[in-house]
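In: could you look at this predicted model? Sequence included:
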Amino acid sequence: MNQTYHEIMSQPAVWAEALDRVPEQWTAISRSLTIDRATQALFIGSGTSLYIAQAAAQTFQEVTGCVSAAVPASEVFLSAASTVPRHQSVVAFVISRSGTTSEALLAATHLADHRPNVTTIGITCTGGTPLVAACDHAIELDHAREHAVVMTRSFTTMLMALQIVAAICAGDDRLRAELARLPDIADAALPEFEAFARKIDGIPGQELMIYLGLGPNRGLAEEGTLKLKEMTQIPCEAYNPLEFRHGPISIVRAGTTAILFNGHREHPYTEAVERDLKDAGALVMSIGPTASTVADHSLVIGQELSDLARCCLYIPPVQLLAYFRALGRGLDPDRPRNLSQVVVLDAH
């Protein structure tokens, strides 16, 4: 197996180490930082890091009560007036796997130069990088560093780190205890994740993929879509499941696979969405804490966890789906077309 597969399957061990590292790093940061209900939080990233930001912002606001938003890094330095509060106390988490992504560095630098009300905290899987130097503080997760181009374990590890921070800030011991269980749950479920991914990949004639997720799962749906695009170049889209019926469902036809990231809160509503998808000709898959009575296949995970704590468990199965679909199309997941590990802008 290649590097991408190894990094996907290494996630339980990497998460376990993050559970030890992040609280210690956050304790050091928090000595010079005050976060209360009046604080606003920004989560900043590009590409996969933006989808981490989306899931993390939803988590942070729900857990801490602080108004939180996810912002593309480019909009921080090109459109700060509409994305960065001017007067409130702001904590900005700037997310970059490499710590060298151009937009992340430009965003952190812009905030340092123009927004004295903002404290910046870099989140990276590479220590001692320009992002670390550009931010007021940093959480460095070197143990999650990847060699493959496509982000896999770095996505879930940085998301988990931000969820741990949210739980610590809120004094939410229940969420911290649930997050601490994820490595063991994921490790035991890896064979089931792989079987689910192979089952979907083995169904012929599926040419359009749709991911559906609500709340923090919306960012996860976007990430599932991006993994397929990066590794396989298969057309795919992501939506909120209830919003999907307000127009976008018109794209569904025979040959469509729809994968829903279900949770306890939305479950009473999503089965109606699943029926509509099946009526339109889609093959419907459900991933969540309960088996769907409507979907063609269900992957039941994290039944005993809250919807927030379960977030990272949704991602390995869809990473594996993208991986196996790439292999089936004769593509190399380690060398996706038109991509490099770090995006560097050449601004004039």
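Out: Arrived safely.

In: next, the buried residues of stretch 187-201.
Out: Within stretch 187-201, the residues that count as buried by 16 or more other Cβ atoms under 10 Å are 189-190, 193-194, 196-197, 200-201. (C-beta placed from N, C-alpha, C; glycine too.)

In: now do that stretch, average pLDDT.
Out: For stretch 187-201, the mean per-residue pLDDT is 94.

In: what does stretch 106-120 give?
Out: For stretch 106-120, mean pLDDT rounds to 97.

In: got the end-to-end distance for that stretch?
Out: From its first residue to its last, stretch 106-120 covers 12 Å (Cα to Cα, to the nearest Å).

In: run the chain-centre distance for that stretch.
Out: In terms of Cα atoms, centre = their mean, to the nearest Å, the centre of stretch 106-120 is set 24 Å apart from its chain centre.

In: can you check stretch 80-88 too?
Out: Worked out by Cα atoms, centre = their mean, stretch 80-88 lies 25 Å from the chain centre.

In: which residues are contacting it?
Out: Residues outside stretch 80-88 that contact it (Cβ atoms under 8 Å, 6 or more residues apart in numbering): 38-40, 42, 69, 71, 75-76, 90, 92, 110-111, 114-115, 117-118.

In: what ranges do the helices span in this structure?
Out: Residue ranges of the helices in the chain, as given by DSSP state H, are 3-9, 11-30, 48-64, 73-78, 80-83, 102-114, 130-134, 153-170, 173-201, 216-232, 267-279, 315-328.

In: and Ala189, what does it touch?
Out: Neighbouring residues of Ala189 by Cβ under 8 Å, 6+ apart: 301, 313.

In: before we move on, the earlier item: for the helices of the chain, give me JSON lines that also has distance to Asp142.
Out: Below are the helices of the chain laid out as JSON lines (distance: least, Cβ to Cβ, whole Å):
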{"stretch": "helix 3-9", "distance to Asp142": "14"}
{"stretch": "helix 11-30", "distance to Asp142": "9"}
{"stretch": "helix 48-64", "distance to Asp142": "17"}
{"stretch": "helix 73-78", "distance to Asp142": "22"}
{"stretch": "helix 80-83", "distance to Asp142": "30"}
{"stretch": "helix 102-114", "distance to Asp142": "17"}
{"stretch": "helix 130-134", "distance to Asp142": "11"}
{"stretch": "helix 153-170", "distance to Asp142": "11"}
{"stretch": "helix 173-201", "distance to Asp142": "18"}
{"stretch": "helix 216-232", "distance to Asp142": "22"}
{"stretch": "helix 267-279", "distance to Asp142": "38"}
{"stretch": "helix 315-328", "distance to Asp142": "21"}
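
In: looking at those helices, which is closest to Phe244?
Out: If you check each of the helices of the chain against Phe244 by Cβ to Cβ, helix 267-279 wins as the nearest, at 6.6 Å.

In: helices and strands around the closest one, which ones?
Out: Packing partners of helix 267-279 (3 or more Cβ pairs under 8 Å, 6 or more residues apart in numbering; DSSP states H and E): strand 256-261, strand 283-288.

In: redo that, cut-off 6 Å
Out: Applying 3 or more Cβ pairs under 6 Å, 6 or more residues apart in numbering; DSSP states H and E, one finds that helix 267-279 makes contact with strand 283-288.

In: show me what the strand it packs on is packed up against.
Out: For strand 283-288, the packing partners by 3+ Cβ pairs under 6 Å, 6+ apart come out as strand 256-261, helix 267-279, strand 297-300.

In: for Ala280, what are its contacts?
Out: Val252 (Cβ atoms under 6 Å, 6 or more residues apart in numbering).

In: next: Thr59.
Out: Listed by Cβ under 6 Å, 6+ apart, the contact partners of Thr59 are 163, 166, 216, 308.

In: ok, back up a step: between the helices and strands packed on strand 283-288, which gets the lowest average pLDDT?
Out: Among the helices and strands packed on strand 283-288, helix 267-279 carries the lowest mean pLDDT, a mean of 92.

In: for Pro316, state which of the buried residues of stretch 187-201 is nearest.
Out: Phe193 (5.0 Å).

In: ok, that closest one to Ile301 distance?
Out: 8 Å (Cβ to Cβ, to the nearest Å).

In: same thing with Ala70?
Out: Counting by Cβ to Cβ, the gap from Ala70 to Ile301 is 24 Å.

In: more neighbours, the two?
Out: Per other Cβ atoms under 10 Å, whichever of Ala70 and Ile301 has more neighbours is Ala70, with 24 against 21.

In: I'd say the more buried one and Ile52 touch.
Out: No - in this structure, Ala70 is not within contact of Ile52 by Cβ atoms under 6 Å, at 8.6 Å.

In: quick one: low-confidence ranges for the protein?
Out: Low-confidence segments of the chain (pLDDT under 70): 1, 336-348.

In: repeat that for 80
Out: Scanning the chain with the threshold set as pLDDT under 80 gives 1, 205, 333-348.

In: circling back: so which of the helices and strands packed on strand 283-288 is the most surrounded?
Out: strand 256-261 (a mean of 26; mean count of other Cβ atoms under 10 Å).

In: adjacent strands (with direction) for that strand?
Out: Using DSSP bridges, the strands paired with strand 256-261 are strand 208-213 (parallel), strand 283-288 (parallel).

In: hmm, who's touching the last one?
Out: Going back to what we said before, that points to strand 283-288. Contacts of strand 283-288 (Cβ under 6 Å, 6+ apart): 257-263, 274, 277-278, 292, 295-299, 314.
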